[in-house]
Structure formats: structure tokens, C-alpha cells
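# Take a look and give me a structure for this.
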Amino acid sequence: LSMTAMINENTIMPRFEDAIDLLQQGYHDEAMVKCHEVAKAHSEQPEILAFCARIAKQCSAFDIALQWLKDATLLDNSKIENHFESGMICLQNHRINEAITSFKKVLNKDPDNAPSYLQLGLCYFEIGKYQNAKLNFQESINKDPTQALAYYWMGIIYSKRNSPIQAVSCFEKAVSFDTT
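Numbering: from 1, shown residues only. Prediction:
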């Protein structure tokens with residue numbers, strides 16, 4: 001390691017460890033203070049911003065998490081996990097249009113990403129666009145036939161459309177692939 005890398009590692013890691021310890025103890029505000037220190041000191045390092053964003057998400061500081069993920073993406077747009085994480089945060093907070101945009105960015109870079117099709121389907125389901133939801137659930141299954149949740153949600157759509165035979169078939173497949 002270079003001297004700069006060793007200094008950075010020696011100063012960053014203890015603050016991250018402190019933030020994680022505080023988070024695990026339930027001291028979310030204090031954990032966020034540590035993350036703000038790290039993010040401010042290392043605002044040009046996308047990996048650090050993305051890690052801070054994940055801690056912020058766990059602290060329910062969703063707007064801050066999204067900003068740090070956005071900043072990380074501006075520095076390095078190649079990390080699809082940052083787009084995916086942004087989409088998840090937006091979906092969980094009913095910011096559906098932003099979530100759709102994030103999952104589409106993932107799929108533009110990785111068209112075989114089954115989890116992104118699943119999440120995109122959930123976005124469309126959330127806003128009542130059941131045909132779009134169904135298409136994305138089906139694409140998730142096409143990419144990974146073991147996607148239990150995609151089968152489940154397709155079953156829900158078939159139930160809403162009074163197609164009980166297809167619904168039961170989807171629910172049976174969901175159960176057969178469910179690992180929980």
C-alpha cells in the first residue's frame with residue numbers, strides 16, 4: 001500500500017467501525033455524525049460515499065443516503081449496486097418514479113439482472129400498472145427461474161384479474177422456490 005492509502009485506511013476504518021458500533025447500539029444520530037465526518041473528508045471516493053449511504057439507510061436517513069449514492073454515482077457511474085440501492089430506498093419510501101428510473105439504469109447496464117426486473121415489477125404494481133408489472137415479473141423469471149417472489153406477485157396479478165388457475169399455478173411455483 002502507498003503511504004496515502006495506509007493513512008486513509010488508518011483514519012477511515014476506525015470511524016466506520018465507530019459508526020457501525022453506534023448503529024448496532026441504536027445510536028443512529030451519533031452513527032450519522034461519524035458518517036458525515038467520513039463522507040466530508042472523502043467526498044471524492046465513491047466507495048466510501050456508498051458505504052456511508054448504506055449506514056444512513058439503516059439509520060432511516062433516506063434523503064442523505066440517496067444524496068450520497070447520487071454523489072458516488074456521479075464519481076463512478078459503473079457501479080450498478082448504487083443504482084439498485086437507490087431504487088430500493090426510493091421504492092421503500094414510495095418514491096416510485098425515482099425507483100423506476102434507478103432500476104432502469106441497472107437494467108441498461110446489466111439486462112440480465114433478475115432482481116432489478118423483480119423490483120421494477122413491484123414499482124409498477126405499486127402504481128397500478130399491472131401489465132407492466134407482470135411483464136417485469138415474467139422477465140425476472142426468464143432471467144432466473146427460481147425467483148419465488150416474481151411468481152408470487154404474478155399470482156397476485158392473476159388473482160386480481162379473476163384468473164384463479166394461473167394464480168394457483170404461480171403460487172405453487174413460488175412455494176416450490178421459496179427458501180425461507
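# Contacts only, for Val168.
For Val168, the contact set (C-beta atoms under 8 Å, 6 or more residues apart in numbering) comprises Gly155. In this view, the C-beta of every residue, glycine as well, is placed from N, C-alpha and C.
# give me the element it is part of.
According to DSSP states H and E, Val168 maps onto helix 164-177.
# again with Ile20
According to DSSP H and E, Ile20 maps onto helix 3-24.
# contacting residues around Pro46?
Neighbouring residues of Pro46 by C-beta under 8 Å, 6+ apart: Asp71, Ala72, Thr73, Leu75, Asp76, Lys79, Asn82.
# among these, which are in strands?
Counting by DSSP state E, the contacts of Pro46 place none of their members in strands.
# Any stretches of this protein with poor pLDDT?
With pLDDT under 70 as the threshold, the chain has low-confidence stretches at 1-16, 180.
# Recalculate using a threshold of 90.
Counting by pLDDT under 90, the chain contains low-confidence residues at 1-52, 54-55, 58-60, 76-78, 177-180.
# just to revisit the earlier point, any idea which helix or strand comes after the helix holding Ile20?
Next along from helix 3-24, by DSSP H and E: helix 28-41.
# Just the buried positions in that following helix, please.
Across helix 28-41, burial judged by 16 or more other C-beta atoms under 10 Å covers His28, Glu30, Ala31, Met32, Lys34, Cys35, His36, Glu37, Val38, Ala39.
# who's in contact with the closest residue to the fifth one other than its chain neighbours?
Sequence neighbours aside, Ala19 is the residue nearest to Lys34 in space, at 3.8 Å (criterion: C-beta to C-beta, 6 or more residues apart in numbering). If you count contacts by C-beta under 8 Å, 6+ apart, Ala19 has them with Ala31, Met32, Lys34, Cys35, Val38, Ile55.
# so which of the buried residues of helix 28-41 comes closest to Met154?
The closest of the buried residues of helix 28-41 to Met154 turns out to be His28 (C-beta to C-beta; 37.2 Å).
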